[in-house]
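Asks: Provided below are the primary sequence and the corresponding predicted coordinates.
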Amino acid sequence: MVTSYGLPQCLDWVESASGWRERRGQLEPGRGLGIGCAHYVSGAAKPVNWTGEPHAVVNLKLDFDGAITVLTGAADIGQGSTTICAQVVSEVLGVDMGRVRVITNDSAVTPKDNGSYSSRVTYMVGNAAIEAAENLKNVLIHAAARKLDVAPEDVEVDGETYSVAHNKDAALDFNAVSKEALTDSGTVTVKGTYTVPRDFQGGKYRGAGVGPSMGFSYAACVVEVVVDEDTGEVTVDRVWVAHDWALRSTHWLSRDRSRVPCGWAWDRRSVRRPATNPNQVCRWAPTCSTTECRVSLNPRP
């Protein structure tokens, strides 16, 4: 099920920014333009284990010093999910990210997670982290209401400040609210879960579980290359890339990761040989680290 489709906007941007229509086929010999586009899943909607359990669970623990511990079974295998979890919790609660630490992979203390596969962690574990942070925020609002002697709905939150809506002078900082929340209880632990809606998991026909996702990201790219007609040397002169997904960190990821495929494009004809390249593990992909790259982000509403 596709509920948001941003590929046309991405194509429109790279076409306009690169001057594709005006310049294609009109460049001097040895110089050319190429275009490509892509869409990519945000995790397989059909779980690998059909147990009925949530696809992701995140626990949050609040300590007396105002620190927040995120407990998740999601393994960070280099994709940055540990940072994402901290960013999500920090943003929902409005606290400095320095308050948040993430514990992963220790099944003795962390809740279950379905695994780091199919590019699912940011979407599924991120949504579970959002729910957990919202639950903790609700606890803190009620604690602030008790301390300020007002109804919870009269409490406004601005970053790490909890104040009375009609009296900004009556306010508490995050540490004071945390202390109030922990008074008598001694500990505050909340959880958040995420399960893919059944409507997104595919039908009951054979193969329906292959391919469905909760959301897709889209991208389009135009490259301008120069080919030395005497030596065959190829130079990627400029790159224009548009990405329809998220704002935080995406600008740098789009810019830097667009360079790697440029190198791979020249390297894809590698041949497996028993002695020199038996499994392609040691195959190197050249990068284009000096290429000028323009990026456009098209975040969805």
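Replies: Received the coordinates, thanks.
Asks: Every contact and neighbour count from this point should use C-alpha atoms.
Replies: Will do.
Asks: What segments of the chain are strands?
Replies: Here the chain has its strands, by DSSP state E, at 31-41, 56-62, 68-72, 100-104, 155-158, 161-164, 167-173, 188-194, 216-227, 234-244, 292-297.
Asks: Restrict the fourth one to CA atoms and write it as CSV.
Replies: Coordinates of the C-alpha atoms in strand 100-104 are reproduced here as CSV (Å, rounded to 0.1, in the frame of the first residue of the first chain):
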residue,chain,number,x,y,z
VAL,A,100,19.5,10.2,26.6
ARG,A,101,21.5,7.0,26.5
VAL,A,102,20.7,3.9,24.6
ILE,A,103,21.3,0.3,25.6
THR,A,104,20.9,-2.4,22.9
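Asks: TSV for the strands of the chain, including distance to residue 123?
Replies: TSV is the format used below for these (distance: least, C-alpha to C-alpha, whole Å):
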stretch	distance to residue 123
strand 31-41	10
strand 56-62	10
strand 68-72	14
strand 100-104	17
strand 155-158	26
strand 161-164	29
strand 167-173	31
strand 188-194	9
strand 216-227	10
strand 234-244	15
strand 292-297	18
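Asks: The closest residue to residue 223 other than its chain neighbours: how many residues sit nearby?
Replies: The shortest distance from residue 223 to any non-neighbouring residue, by C-alpha to C-alpha, 6 or more residues apart in numbering, is to residue 239 (4.5 Å). Per other C-alpha atoms under 10 Å, the neighbour tally for residue 239 reads 24.
Asks: Isn't residue 239 up against residue 36?
Replies: No - in this structure residue 239 lies outside contact range of residue 36 using C-alpha atoms under 8 Å: 11.3 Å.
Asks: in the sheet, who's paired with the residue nearest to residue 223?
Replies: residue 223, residue 293 (DSSP bridges).
Asks: now do residue 172
Replies: Counting by DSSP bridges, residue 172 forms beta bridges with residue 162.
Asks: Check the gap between it and residue 183 for me.
Replies: Plainly put, residue 172 is 15 Å away from residue 183 if you go by C-alpha to C-alpha, to the nearest Å.
Asks: swap in residue 174?
Replies: 14 Å.
Asks: neighbour count winner among those two?
Replies: residue 174 (21 against 13).
Asks: Surely the more buried one and residue 162 touch.
Replies: Yes - at 7.2 Å, residue 174 and residue 162 qualify as touching, with contact defined as C-alpha under 8 Å.
Asks: Skipping its backbone neighbours, what lies nearest the residue nearest to the spatial centre of the chain in space?
Replies: Per C-alpha atoms, centre = their mean, the C-alpha nearest to the average position across the chain is that of residue 122, at 4.7 Å. Distances taken as C-alpha to C-alpha, 6+ apart put residue 81 closest to residue 122, at 6.2 Å, once the chain neighbours are dropped.
Asks: pLDDT value on that neighbour, please?
Replies: Reading off the confidence values, residue 81 has pLDDT 92.
Asks: Grab the nearest non-local neighbour of residue 31.
Replies: Leaving aside its sequence neighbours, residue 31 sits nearest to residue 226 (C-alpha to C-alpha, 6+ apart; 4.4 Å).
Asks: Could you give the number of residues near that neighbour?
Replies: When counting by other C-alpha under 10 Å, one arrives at 18 neighbours for residue 226.
Asks: Same question for residue 152.
Replies: Residue 152 has 18 neighbours, counted by other C-alpha under 10 Å.
Asks: Same check on residue 108?
Replies: 7.
Asks: circling back to that earlier point, from residue 162, how far off is the residue nearest to the centre of the chain?
Replies: When distance is defined by C-alpha to C-alpha, residue 122 is 29 Å away from residue 162.
Asks: What of residue 38?
Replies: 44 Å.
Asks: So for these two, which sits in the more crowded spot?
Replies: The neighbour count for residue 38 versus residue 162, taken as other C-alpha under 10 Å, is higher for residue 162 (24 against 12).
Asks: Next one: that one relative to residue 67, how far apart?
Replies: With distances taken as C-alpha to C-alpha, residue 162 is found 17 Å from residue 67.
Asks: ditto for residue 131
Replies: On the measure of C-alpha to C-alpha, residue 131 and residue 67 end up 18 Å apart.
Asks: can you check residue 188 too?
Replies: Residue 188 is 11 Å from residue 67, by C-alpha to C-alpha.
Asks: picking that back up, any idea which of the strands of the chain scores lowest on pLDDT?
Replies: Among those, strand 292-297 scores lowest, at a mean of 62.
Asks: Identify the residues contacting residue 169.
Replies: Residues in contact with residue 169, defined by C-alpha atoms under 8 Å, 6 or more residues apart in numbering, are residue 163.
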